[in-house]
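Student: Here is my input, please return the structure:
(one chain, ligands or ions: 1)
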Amino acid sequence: MTSNERGQWKSRLGFIFAAAGSAIGLGNIWRFPYIVGENGGSAFLLVYLLMILFLGLPVLIGEVMLGKASQRDPVGAFEVLDRKGTPWRFIGFMGVLAAFMILSFYSVVAGWCIEFVIRSAAGDFSPTAHPAKAAQAFNVLVSSPDVQIYYHGFFILMVVGIVYAGVQAGLQRWCEILMPLLLLILVALVFFAMSQSGAKAGVAFLLEPDFQKLNGDAILAAMGQCFFSLSLGMGAMLTYGSYLRPEDNVVSSASWVVVLDSGIAIFAGFVIFPIVFSFGVDPGAGPGLVFVSLPMAFQKITAGSLISLAFFVLLLAAALTSAISLLEVISAYFVDEFKMPRHLAATMFGVICFLMGVGVAFNIAYLENFLDYWASNFILPLGALFISLFVGWRLDQKIARSEFAKSKFAKAFGLWLFCVRYVAPVLIAIVFINKSGIVEAVSKLFGAAP
Ligand code: PHE
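Tutor: As a prediction, the model looks like this:
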């Protein structure tokens, strides 16, 4: 199959927009602030940034490289680079499975954003609205499966539409529209948030390290967030890398994606914490931080409707450019491996993800305890672990060496190789053993408090 049949980015910038679009999502704007809040703020941020640098960036470079070198989907890539039927291809199968699981709950959460966009436009989060409208919006929504299913269906429809249109006319085109829009709204919101009374407290919460709050759990959470936020470990970045042209550089493009993803997460913190501190809501409020605390704060702002509208449009745009990368992983697998037409793959698997998500609308616990839990805590770290092992120990080193030689970072090759060979596998193994409950089980066995 020629690369033209499967699609290709029109320019290097197209890849950067799309890959940054995949990385920047609910993970940055919804998940990151509440994880930072729950783990005590600034010291957590520092650990997170170190993880991004020594774990996220090296694995990202590796994953994109696998895609570019093989020009195939996440399963076929390992067959091209190793041999037909290689056991490494199970990394790809796991990735396709994770894509189904993540997309089906991600789309429900994205559907919540649609409801909040509509409510913002209707003025529910303005100072003149009844306080209950903001305080209860989230609870009312999550206890109405039918409403959630409509929004979830509508969101999946948009995702299918974009993937259906292909790499250039769909993915690249929409990311080139939505990413600048997202940046624009975010910058405007940062200016607004920084002019509020709690700006100083909010920034201090994010930037003045308090190492006493740093414990083992926080370190684990930082690592989980690093994978989720960079869309790592399940083949999304591999698939996007497979649409790169030979002349495009992996190392510098991946570095851009990391800078944009972390930058936007921090910017989102600069929006959310100043608002949270200005209006006396709890920064450690958990997943409801964005959907419960913020609307309550918006009700105290004169221009609350406009600000909340901007915020939820931002969240929706970010979710859309991430969700398309999830459906793209599934579609690429069926297009490359089974020669299925792209249109059919996008539609069929979009419908399946829709049906899987319906379960979430009826029972949120299914999101937290099954889909997100297994995909984010089990499949992503395991995928990243095997990807770094494959890239570090199995892949022909000439491929990586020449990518580095062609970039401005030629001298970093040794450091990168050290990271994918040793640092990443060891760190991930520690996280993985912890998350799988083995440590707790062992400590219980010896009678120690976990
Ligand atoms: N990175 C996305 C986010 O931050 C989530 C995602 C994970 C997307 C895995 C694709 C693959 O929201």
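
Student: can you count the residues close to the residue in the stretch 351-450 of the chain positioned nearest to the ligand?
Tutor: Closest contact between the stretch 351-450 of the chain and the ligand, by CB to the nearest ligand atom, is at Leu380 (7.0 Å). Backbone N, C-alpha and C define where each C-beta goes, glycine included. The burial count assigned to Leu380 is 26, neighbours taken as other CB atoms under 10 Å.

Student: Show the contacting residues for it.
Tutor: Ala98, Gly224, Phe227, Phe228, Leu232, Gly233, Met234 (CB atoms under 8 Å, 6 or more residues apart in numbering).

Student: To which secondary structure element is it assigned?
Tutor: helix 380-389 (DSSP states H and E).

Student: wait, Ala221 sits on Gly40?
Tutor: No - here Ala221 does not reach Gly40: they are 10.5 Å apart, not a contact under CB atoms under 8 Å.

Student: ok, back up a step: next structured bit after the helix holding Leu380?
Tutor: By DSSP H and E, the next helix or strand past helix 380-389 is helix 397-406.

Student: Dump that next one to PDB, keeping only the CA atoms.
Tutor: Extracted in PDB, the C-alpha atoms of helix 397-406 (Å, rounded to 0.1, in the frame of the first residue of the first chain):
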ATOM      1  CA  GLN A 397      19.700   1.700  16.000                       C
ATOM      2  CA  LYS A 398      20.500   3.200  12.600                       C
ATOM      3  CA  ILE A 399      16.900   4.500  12.400                       C
ATOM      4  CA  ALA A 400      17.100   6.400  15.700                       C
ATOM      5  CA  ARG A 401      20.600   7.600  15.100                       C
ATOM      6  CA  SER A 402      19.800   9.100  11.700                       C
ATOM      7  CA  GLU A 403      16.700  10.800  13.100                       C
ATOM      8  CA  PHE A 404      18.800  12.500  15.700                       C
ATOM      9  CA  ALA A 405      21.600  13.300  13.300                       C
ATOM     10  CA  LYS A 406      19.100  15.100  11.000                       C
END
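
Student: Okay, the residue of the stretch 301-450 of the chain found nearest the ligand and Phe155: tell me how far apart.
Tutor: Residue nearest to the ligand within the stretch 301-450 of the chain: Ser322 (4.2 Å; CB to the nearest ligand atom). Ser322 sits at a distance of 11 Å from Phe155 (criterion: CB to CB, to the nearest Å).

Student: what's the answer for Ser331, then?
Tutor: Where Phe155 is concerned, Ser331 sits at a distance of 17 Å (CB to CB).

Student: Give me the more crowded residue out of those two.
Tutor: Ser331 (29 against 25).

Student: So the more buried one is in contact with Thr347, correct?
Tutor: No - using CB under 8 Å, Ser331 is not in contact with Thr347; the gap is 9.5 Å.
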